[in-house]
Structure formats: C-alpha cells, structure tokens
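Asks: Sequence first, predicted coordinates after that:
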Amino acid sequence: MGKTYKDKKGYPRWKDSGKFVHRTVASNKVRGPIGKGRVVHHKDGNKSNFRKSNLTIMSRSTHSKLHKKKKRSWI
C-alpha cells in the first residue's frame, strides 16, 4: 500500500494520485470499475475503515435514502 493523507472531509486519499482509498479498495473488491452514479458506502460509518468487508457499492439515491433514514433515527 502507498502513503495516504486525510482530506478536509476526513476521507483517506492516496498521496501520489489524490484518489479516494475506499474507492480503490472497492474497485479491487469487484474487480472492475465502480460505475457512474454509484458510490461506496462505509457500513460502520468510519471513513478511515476501508477494509473490503466494510465497503459496499450502491446507487447514489439508495445511499442518500440510507443516510436520511439513519439521520432520522438519531433524532
């Protein structure tokens, strides 16, 4: 693994390319591109946990609905 840094939002990125570490790991998990309009979700909510088992790929709309649902349950 290469060296990383955290961006302003707390996401680890590769120093050499600036790409998100979690997207690289997820792409390797599915052995191909993530796809346009798809996002990588951290199951445990920890942006620094980019283990394959903690990442899942979903549509942007499903991801938004999931976070809205979680936000309501925290209130």
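Replies: Structure's in. What do you need? Residues are numbered from 1 along each chain as shown.

Asks: For the rest of this, base every contact and every neighbour count on C-alpha atoms.
Replies: Will do.

Asks: Quick check: closest non-adjacent residue to V40.
Replies: Distances taken as C-alpha to C-alpha, 6 or more residues apart in numbering place I57 nearest to V40, at 4.6 Å, with adjacent residues excluded.

Asks: Now the host helix or strand of that neighbour: average pLDDT?
Replies: Element membership for I57, per DSSP states H and E: strand 55-59. Averaging pLDDT along strand 55-59 gives 97.

Asks: List the contacts of that strand.
Replies: Applying C-alpha atoms under 8 Å, 6 or more residues apart in numbering, the external contacts of strand 55-59 come out as 22, 26, 34, 37-43.

Asks: Go again with 10 Å.
Replies: Residues outside strand 55-59 that contact it (C-alpha atoms under 10 Å, 6 or more residues apart in numbering): 22-23, 25-27, 29-30, 34-45, 49, 63-64.

Asks: Now the buried members of these.
Replies: By neighbour count, with 16 or more other C-alpha atoms under 10 Å, these hold 22-23, 25-27, 29, 34, 39-42, 49, 63 as buried.

Asks: now, which of the residues you listed lie within strands?
Replies: Secondary structure assignment by DSSP state E places 39-42 of the buried ones among the contacts of strand 55-59 in strands.

Asks: want to throw those residues into JSON lines with pLDDT and distance to K3?
Replies: Below are those laid out as JSON lines (pLDDT from 0 to 100; distance: C-alpha to C-alpha, whole Å):
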{"residue": "V39", "pLDDT": "96", "distance to K3": "23"}
{"residue": "V40", "pLDDT": "97", "distance to K3": "21"}
{"residue": "H41", "pLDDT": "96", "distance to K3": "22"}
{"residue": "H42", "pLDDT": "96", "distance to K3": "21"}
